[in-house]
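1. For reference, the sequence and a predicted model appear below.
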Amino acid sequence: MRHRKSGRHFSRPTAHRSAMLDNLATQLLEHEAIQTTEPKAKELRSVVDKLITLAKRGDMHARRLVAARLNQRVVDRTNPIDCKLHNEVLNKLFDDIAKRNANRPGGYTRIIKLGTRHGDNAPMVRIELVEKALPAAVKPAFQATTA
């Protein structure tokens with residue numbers, strides 16, 4: 001019986017399952033949209049929502065908790081060599097994504113169904129962040145001048 005057992009197990013051991021979700025969360029935060037299967041996306045949604053909620057707090061303890069979940073090291077800014085390598089996703093999460101979602105009380109991700117995968121007929125989805133980054137200002141192709 002499966003009484004009081006929540007979550008999907010994906011026929012994987014606990015360490016493999018948590019590592020898979022951590023890697024998917026890192027990729028989603030880095031690229032802001034990924035394509036995966038529907039059950040993985042539904043499990044990933046709760047992981048990413050909790051990370052963004054922690055990032056909205058913005059303090060050092062929240063940064064350490066997120067770094068531990070994403071297997072990223074928090075490196076102090078006095079050592080610039082390690083800082084660039086290990087804090088890119090953390091800095092993007094805390095500086096960019098958390099600021100965009102400051103007024104949103106939850107529901108930071110959206111799942112869009114794409115159909116089934118050709119090989120095994122698995123339901124494929126695209127999971128993305130709801131608040132997207134603003135595109136850079138587009139320059140016009142030419143400027144009309146008045147004489």
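-> Now that the structure is in, tell me what you want to look at.

2. How many residues are close by Gly7?
-> By other CB atoms under 10 Å, 10 other residues sit near Gly7. (Each C-beta comes from the backbone N, C-alpha and C, glycine too.)

3. residues contacting it?
-> Glu43 (CB atoms under 8 Å, 6 or more residues apart in numbering).

4. Show me the helices in the chain, by range?
-> Secondary structure of the chain by DSSP state H: the helices cover 14-31, 38-57, 60-69, 80-86, 88-91, 98-100.

5. Can you name every helix or strand that the third one contacts?
-> Which is helix 60-69. Applying 3 or more CB pairs under 8 Å, 6 or more residues apart in numbering; DSSP states H and E, one finds that helix 60-69 contacts helix 38-57, helix 88-91.

6. what's the most buried one of these?
-> Among the helices and strands packed on helix 60-69, ranked by average contacts under mean count of other CB atoms under 10 Å, first place goes to helix 38-57 (a mean of 18).

7. Would you agree Glu128 is in contact with Leu114?
-> No: in this structure, Glu128 is not within contact of Leu114 by CB atoms under 8 Å, at 11.7 Å.

8. more crowded one of the two?
-> Using other CB under 10 Å, the more surrounded residue of Glu128 and Leu114 is Glu128, with 18 against 13.

9. got a list of what the more buried one touches?
-> Leu28, Glu32, Ala33, Ile34, Thr109, Arg110, Ile112.

10. ok, and the most crowded of these?
-> Counting by other CB under 10 Å, top hit in those: Leu28 with 23 neighbours.

11. how much space between that one and Arg110?
-> 11 Å (CB to CB, to the nearest Å).

12. Which residue is the nearest non-sequential neighbour of Glu131?
-> Distances taken as CB to CB, 6 or more residues apart in numbering place Arg100 nearest to Glu131, at 4.2 Å, with adjacent residues excluded.

13. Relative to Met124, how far out is the one you found?
-> Here the criterion is CB to CB. By it, Arg100 lies 26 Å from Met124.
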